[in-house]
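Novice: Coordinates for the following, if possible.
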Amino acid sequence: MPLTAAAALWATAGTPAYSPGLQYLSQIDQLIVNAQVDLLEVLVGFESNNMYQLKNSQGQPVFYALEDTECCTRNWCGSLRPFVIKVIDNYRCEIIRLMRPLKCDSCCFPCCLQEMEVQVPPGNPIGYVLQEWHPYLPKFTIHNERKEPLLKIRGPFCTCRCFSDVPFEVTSLDEKTVIGKISKQWSGMAQECFSDADNFGIQFPMDLDVKIKAVLIGACFLIVSDASSISFERVTWTELAFNAETN
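Specialist: As a prediction, this is how the structure comes out:
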């Protein structure tokens, strides 16, 4: 996706020195997030920590995202629970930490709108994703570490569609220029009906600042966990679970 003149406001002229895992974001313009239901969780109805796999456009795994929440929090608060998601690279190093506090939002009483804090490295906030109130559209704003607005995300009125993707457009602040997209991708009738292995895509300009790319990853997880949007399913890569230890 070419970078427009308006989007150039958020592009970086040079690549700063980040960890090798985060540095990889400077080389890509899209990510695919795969998730799958834990069969044991389905059978016993016990909420477990979620795990996700992030792939590049060639289908190669580049990151893993691991939820780290307490058992009581997961099972009592459900989809509105606060959570910490740790994004690790193929070297099993945590490169991004996503933190969502407990918020009980409502379209009628928007006093506790959803938000996500993105930390790179863990403990160092680099950006935020804040939900905007709207009577019928899912809307979010991307902020930098000083909570200054940079971009907006605008979703469709209907987030349940057949035979097509469900797009959330990433736009400039005036919502006139489309910068990128976060979407649930249609996977075919068989997979949609008989499988919970949903696919989600994140698209952004190649030369967008890697910090903002990291915040857009956080936006993806916030959007799909929000009650007014689409829910991610779970995936069980138990061999990676030991990486979810709290720093």
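Novice: In contact with residue 83, which residues?
Specialist: 67-69, 73, 98-100, 225 (Cβ atoms under 8 Å, 6 or more residues apart in numbering). For glycine as for every other residue, the C-beta is placed from the backbone atoms N, C-alpha and C.
Novice: among these, who's most crowded?
Specialist: The most neighbours of any of these, using other Cβ atoms under 10 Å, belong to residue 98, which has 24 neighbours.
Novice: Which residue lies closest in space to it, excluding its sequence neighbours?
Specialist: residue 85 (4.1 Å; Cβ to Cβ, 6 or more residues apart in numbering).
Novice: least trustworthy helix or strand in this protein by mean pLDDT?
Specialist: helix 189-194 (a mean of 41; mean pLDDT, DSSP states H and E).
Novice: In terms of helices and strands, where is the residue nearest to residue 98?
Specialist: strand 83-89 (DSSP states H and E).
Novice: And for residue 64?
Specialist: strand 61-67.
Novice: thinking again about what came up before, name the next helix or strand following the least confident helix or strand of the chain along the chain.
Specialist: Next element after helix 189-194 (DSSP H and E): strand 199-203.
Novice: what pairs with that next one, and is each one parallel or antiparallel?
Specialist: strand 30-34 (antiparallel), strand 178-185 (antiparallel) (DSSP bridges).
Novice: any idea how far residue 221 is from residue 214?
Specialist: For residue 221, the distance to residue 214 (Cβ to Cβ, to the nearest Å) stands at 12 Å.
Novice: In terms of packing, which of these two has more residues around it?
Specialist: residue 221 (25 against 22).
Novice: when you compare where the helix or strand hosting that one runs with where strand 30-34 runs, what's the angle?
Specialist: Element membership for residue 221, per DSSP H and E: helix 210-225. In terms of direction (axes from the mean of the first three to the mean of the last three Cα atoms, to 10 degrees), helix 210-225 departs from strand 30-34 by 30 degrees.
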